[in-house]
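Peer 1: Give me a model of this one.
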Amino acid sequence: MSVISKATFAAGCFWGVEVAFNKKFGSKLLSNKVGYCGGTTKNPTYKQVCTGASGHAEVVQIEFKENEVPYEDLVDFLSHDPTTLNRQGGDSGTQYRSAIFYHDQKQKEIAEKVKAKAAKYFRNVSTTLEKADDFFVAEDYHQNYLVNNPNGYHCSTHFERSWEQIAKEEGTKI
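Peer 2: Residues are numbered from 1 along each chain as shown. Predicted coordinates:
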């Protein structure tokens, strides 16, 4: 019997993050929900989160089996830009911050190692590590938004790349 774990990530607009995880991991994920984490307002609405006043980030929360998808593979920094503070592409505000919300000490340690690796490739990593607190599922129309609205907004930073591509783009050495 394998244990079901949770992973929560903020990497800009949650629509693109949701698609990126679905493309990369597909049916290996047990669930992939968009929502809000890291703020002070209980049960925030999208409108409240967009003001920045609630303190929440737009996040994707994933349920997975560690023996099928290692946490380190999920927290790889390869499908967003972790160098722009509170911004992804044209989206700006604290709700679009790059953050890893860890659920336990093991996840925190793995995230620290992956962030240190990313710092060798990116000139400036602004991703924060935050203890996961309450996760609030976003409104229904946000779930699978880009599947249901294929012509909807796509953030330019949400695409898969390799460490080699990042080193080339950043002018760093592997």
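Peer 1: ok, residue 108 touching residue 129?
Peer 2: Yes - between residue 108 and residue 129 there is a contact at 6.3 Å, judged by C-beta atoms under 8 Å. All C-beta spots, glycine's among them, are computed from the backbone N, C-alpha and C.
Peer 1: who touches both of these two?
Peer 2: Common neighbours of residue 108 and residue 129 are listed as residue 102 (criterion: C-beta atoms under 8 Å, 6 or more residues apart in numbering).
Peer 1: Now the residue nearest to residue 3 when sequence neighbours are not counted. Its backbone dihedrals?
Peer 2: Setting aside the residues directly before and after it, residue 3 is nearest to residue 66 in space (C-beta to C-beta, 6 or more residues apart in numbering), at 6.5 Å. For residue 66, the backbone dihedrals (degrees, to the nearest 10) come out as phi -60, psi -30.
Peer 1: Quick one: residues contacting residue 66.
Peer 2: Shown in contact with residue 66 (C-beta under 8 Å, 6+ apart): 2, 3, 5.
Peer 1: How much space separates it from residue 30?
Peer 2: 11 Å (C-beta to C-beta, to the nearest Å).
Peer 1: and if you look at residue 62?
Peer 2: Distance from residue 62 to residue 30, by C-beta to C-beta: 8 Å.
Peer 1: higher neighbour count, those two?
Peer 2: residue 62 (24 against 14; other C-beta atoms under 10 Å).
Peer 1: What segments of the protein are helices?
Peer 2: Using DSSP state H, the helices of the chain run over residues 14-25, 46-51, 71-74, 105-121, 145-148, 163-170.
Peer 1: Throw the ones you listed into JSON lines and include mean neighbour count and distance to residue 92, thanks.
Peer 2: Putting these into JSON lines (neighbours: other C-beta atoms under 10 Å; distance: least, C-beta to C-beta, whole Å) gives the following:
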{"stretch": "helix 14-25", "mean neighbour count": "21", "distance to residue 92": "15"}
{"stretch": "helix 46-51", "mean neighbour count": "15", "distance to residue 92": "11"}
{"stretch": "helix 71-74", "mean neighbour count": "18", "distance to residue 92": "25"}
{"stretch": "helix 105-121", "mean neighbour count": "16", "distance to residue 92": "21"}
{"stretch": "helix 145-148", "mean neighbour count": "15", "distance to residue 92": "20"}
{"stretch": "helix 163-170", "mean neighbour count": "14", "distance to residue 92": "21"}
